[in-house]
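**Q** Fold the stuff below for me.
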Amino acid sequence: MTEPNKLTPREVPDHQPAAGGIAARARAAATPQYLAGLNPEQREAVETLDGPVLVLAGAGTGKTRVLTCRIAHILSQGRARPGEILSVTFTNKAAREMKLRLGQMLGQAVEGMPWLGTFHSIGGRILRTHAELVQLKSNFTVLDVDDQVRLLKQLLAAENIDDKRWPARMLAGLIDGWKNRGLTPSQVPTGEAAVFGNGRGGKLYASYQERLKILNAADFGDLLLENIRLFREHADVLRQYQHRFRFILVDEYQDTNVAQYLWLRLLSQAPVKSATPLSAIIPGAVPSPVIPEAAQRLSGIHTPSADENSETGVMDSGLAPHGAPRNDEGRNVTPSPAAPKNICCVGDDDQSIYGWRGAEVDNILRFEHDFPGANVIRLERNYRSTGHILAAASHLIAHNESRLGKTLRTEDVDGEKVTVTGSWDSEEEARAIGEEIEELQRAGNHLNDVAILVRASFQMREFEDRFVTLGLPYRVIGGPRFYERAEIRDALAYLRTINSPADDLAFERIVNVPKRGLGDATVQMLHDHARKRRIPLFEAARAVVETDELKPKARGALRQLIASFDRWRAQREVTSHTELAEIVLDESGYTDMWQKDRSADAAGRLDNLKELVRSMEEFENLQGFLEHISLVMDRDGGAEDDAVSLMTLHSAKGLEFDNVFLPGWEEGLFPSQRTLDEQGRAGLEEERRLAHVGLTRARRRAKLYFATNRRIHGTWSTTIPSRFLDELPAHNVEITESKGGAGWGGAGGYGPSRFDNVESFGSSYATPGWQRAQANRARGREGQGDGRQEKRQGQARGGFNEDQSPFSSRGETGGFARNKRGPMVIEGELIAKSTGTVSEFSLHDRVFHQKFGYGNVVKIDGNKLTIAFEKAGEKKVVDSFVQRA
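**A** Numbers count the residues shown, from 1 in each chain. Below you'll find the model as predicted:
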């Protein structure tokens, strides 16, 4: 007889309560707390544990709750230990939320779940455990995109390939796309490899992978690609993980790419006894003649967010050094016999909107084919939106052919109908939306419950400018505000240097942008020279190029840059400021730099630059425009403030708001013409899914807008309403009139503004922006209110054209002559103090500003005034740009 302490793990079988036994019946008698409140469909998704399950979870149907409750149910029923559950998410934020919810449900059991994380973090963990099997060491480095590009530049130089004609970033995008599709260098189709470097793309990919091994490094694509290779070439390792993971759960399955799909398919197969080629497990997977056509297109670089890559360091993998599974106490155990794989994928084919970065909607569409006998559970009861919004969204998405089909419903009230509003142009569109937001605010709605979702980032500029004028606080989600974007800051730096040669910060920013061979050492030399002579950096550069202190190449580049700025300043006198901006961006090489950039966001940056030039048309001169920018950038506000959320539709996924505004529903913009040209019907269906996502972000109100005229890619064009509008159900939609103007005529031909009514500025005006300004104003002089109003009306009658107003948002001044000196660019306190001038204005003086209208002086600092404007709130301006009212 074997002594008890000599028993081996193999001789201690796992125990599961017998079906129908005392333990099983006692457990069933006590309904777990986590099941309380689930609707029948949710409960079915939680309790269906055996075999493959696909949970089609529509927007707002509680998929995160289902996923966490399912894990809790597996653990509480004793079906698996925490370390035997593989739960994959797309972001660490989602993984942390799941762990937090599980901890609240089950206590500390969740702490033993080492396999709950992102694809990249789990892939990195497996790879570090078996690094030697893929020619790496366990302490390998994960390269970011910048490191990748630098390494590829070295390889291009070694092959004598012109980096300007064949940019390294373009090659990085191709390699990233190949890795997203699970293709190693030998598997890349010859035709695709030929698109780069005169047919040398495949060779460069192979050289890149070899170089990574020498450097003991991997990029983010390798964290899954090398996993797939590991599993293909070492079936014993694959079997160990197949044995270990009794349950696999995947969140957002509709967003998986081909590599993620292959990785999951390998792990989800029942363990086999001998090495099996990948093609035997996934027929036709590699090479990829049957991989869906959409997955074969080249994808741009996808830089994983901090949420996706923060857990790829060396961690306890839960496996022994040679890959032998261990139990939760860390002791080696023998794998249990093969059991049917239990995989549950949660997703929504109607919300697959990331095809541009490699996501493959066909992965979820063919789930039942991949897993015969799969149980498909539809979650259609929406807990977010009202009836009319859901009916409109469901009717719209029903026009897609590639979908599994479901209809969202709610037990809530029908609520307000979805509104559709047409406007003359994008300016009137922004004006009308601003009006509606102020009305919502007066009705007691919080700005935090308001969102504007745009199709393209360049649309944001119009709204940002409008909100500054109205004094409405806002925040940009998923990226910087328009004027804070890198390409906009660069362009502004060129214009600021033209306007003020003494602007050292601006000149330093662009002295080597685009690359001119003027590195840090050159800039430091210029700084030293400027400090010694107490002159601006630009003048120091002018002096240095006349000496031999710089090397000939750097001296020539700097001399050419100085000559360019001299030429641009001379052109400023005879050329409009908008045309000058286009000249500067072209002649400096900045536009060409982004045209040659093949990254996914390069086209958007070029659109933003065109939008910047267009925005300058509203100002008489360059100085006036730059002062406006300084005021926009001066806006303060913390993350906790009540503010309107402004973002792209792609950034809005997963968020929800009471009031959602959806501008720009026009053909060419939404659906995007670029997407239609590149992807055809598949692109149209993804655009329609994006529209569905936008509508289902709204809880109470969804408001759609389109403009008859819009400037896209720098050209004004007459647009037609989006085809998606005609796909909405008439019963759930209401057509409304734009509140931003009548649509024809008006100021400058762009429709009248509510500012055209000068009487609206009387003491009874009650918009939130005006009230905020009033709250901050210093005490006004006695008895001047009526006189001011009468004076304003007299000026309007005598000095303005019929279609103009001093209060127009377009910046027309009407009868007031512009100050030809223009505004000065405010650079913090430095310029204001260096002027040494004393303002001619006094506290409480009533003044008029050509952009912001009337206000009172509340603070004076040299020649810089702080003015409480009636509409724009409290702003800092230079006194040369205001007049006494």
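
**Q** quick one, helices of the stretch 101-250 of the chain?
**A** Secondary structure of the stretch 101-250 of the chain (DSSP state H, counting those that start in this stretch): helices at 119-129, 145-158, 168-180, 190-193, 201-214, 222-233, 235-244.

**Q** now residue 437: how far from residue 138?
**A** Using C-beta to C-beta, to the nearest Å, residue 437 is found at 54 Å from residue 138. For glycine as for every other residue, the C-beta is placed from the backbone atoms N, C-alpha and C.

**Q** Counting neighbours around each, name which of the two comes out higher.
**A** Using other C-beta atoms under 10 Å as the criterion, residue 437 and residue 138 rank with residue 437 on top: 24 against 14.

**Q** ok, longest strand in this structure?
**A** strand 698-712 (DSSP state E).

**Q** what pairs with that one, and is each one parallel or antiparallel?
**A** strand 418-425 (parallel), strand 657-662 (parallel), strand 715-718 (antiparallel) (DSSP bridges).

**Q** Now the element after the last one, going C-ward?
**A** I take that to be strand 715-718. Using DSSP states H and E, the helix or strand that follows strand 715-718 in sequence is helix 723-726.

**Q** And the longest one, by the same measure?
**A** On the C-terminal side of strand 418-425, the nearest following helix or strand under DSSP H and E is helix 426-442.

**Q** Next one: residue 154 from residue 225, what distance?
**A** 21 Å.

**Q** same deal with residue 92?
**A** Using C-beta to C-beta, residue 92 is found at 21 Å from residue 225.

**Q** Let me have the helices of the stretch 101-250 of the chain in CSV, extended by mean neighbour count.
**A** Formatted as CSV, those follow (neighbours: other C-beta atoms under 10 Å):
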stretch, mean neighbour count
helix 119-129, 24
helix 145-158, 17
helix 168-180, 24
helix 190-193, 14
helix 201-214, 18
helix 222-233, 23
helix 235-244, 20
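
**Q** Which among those is found nearest to residue 649?
**A** helix 168-180 (22.1 Å; C-beta to C-beta).

**Q** so residue 128 sits right up against residue 141, yeah?
**A** No: under the criterion of C-beta atoms under 8 Å, residue 128 makes no contact with residue 141, lying 11.4 Å away.

**Q** that older thread, next, format the strands paired with strand 698-712 as CSV and append distance to residue 124 and mean pLDDT.
**A** Listed next are the strands paired with strand 698-712 as CSV, based on distance: least, C-beta to C-beta, whole Å; pLDDT from 0 to 100:
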stretch, distance to residue 124, mean pLDDT
strand 418-425, 44, 94
strand 657-662, 35, 96
strand 715-718, 46, 80
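
**Q** Among the ones you listed, which comes closest to residue 568?
**A** That would be strand 715-718 among the strands paired with strand 698-712, by C-beta to C-beta, at 24.1 Å.

**Q** before we move on, back to that, rounded mean pLDDT for the longest strand of the chain, please.
**A** The pLDDT scores in strand 698-712 average 91.

**Q** Now do the longest helix seen in the chain: which elements does it pack against?
**A** Longest helix in the chain, counting residues (DSSP state H): helix 673-695. Using 3 or more C-beta pairs under 8 Å, 6 or more residues apart in numbering; DSSP states H and E, the elements in contact with helix 673-695 are helix 387-397, strand 657-662, helix 723-726.

**Q** Show residues contacting stretch 580-596.
**A** Residues external to stretch 580-596 that are found in contact with it (C-beta atoms under 8 Å, 6 or more residues apart in numbering): 164, 167, 487, 490-491, 494-495, 498, 510, 513-514, 564, 568, 571-572, 575, 602, 605-606, 609, 612-613, 616, 622.

**Q** if we go to 6 Å?
**A** Under the criterion C-beta atoms under 6 Å, 6 or more residues apart in numbering, residues 167, 494, 514, 568, 571, 572, 602, 605, 606, 613 lie in contact with stretch 580-596.

**Q** Narrow these to those in helices?
**A** 494, 568, 571, 572, 602, 605, 606, 613.

**Q** Among the residues you listed, which one lies nearest to residue 250?
**A** residue 602 (32.1 Å).

**Q** before we move on, the earlier item: top of the ones in helices among the contacts of stretch 580-596 by number of neighbours, please.
**A** residue 494 (23 neighbours).

**Q** thinking residue 87 is in contact with residue 249, fair?
**A** Yes: contact criterion C-beta atoms under 6 Å: residue 87 and residue 249 qualify, at 4.4 Å.

**Q** circling back to that earlier point, dump the ones in helices among the contacts of stretch 580-596 into TSV; add pLDDT as well.
**A** Conversion of these to TSV gives the following (pLDDT from 0 to 100):
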residue	pLDDT
494	93
568	93
571	89
572	87
602	82
605	87
606	88
613	88
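
**Q** Which two among these are spaced furthest apart?
**A** Distance extremes for these: the farthest pair is 572 and 602 at 28.9 Å, using C-beta to C-beta.

**Q** got CSV for the ones in helices among the contacts of stretch 580-596, with distance to residue 691 too?
**A** Listed next are the ones in helices among the contacts of stretch 580-596 as CSV, based on distance: C-beta to C-beta, whole Å:
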residue, distance to residue 691
494, 38
568, 43
571, 44
572, 44
602, 25
605, 25
606, 25
613, 29
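
**Q** ok, those vs residue 671, which is closest?
**A** Distances from residue 671 to the ones in helices among the contacts of stretch 580-596, taken by C-beta to C-beta, are shortest for residue 606, at 19.9 Å.

**Q** any idea how far residue 204 is from the closest one?
**A** Relative to residue 204, and taking C-beta to C-beta, residue 606 is found at 26 Å.

**Q** One more: residue 479?
**A** For residue 479, the distance to residue 204 - C-beta to C-beta - is 31 Å.
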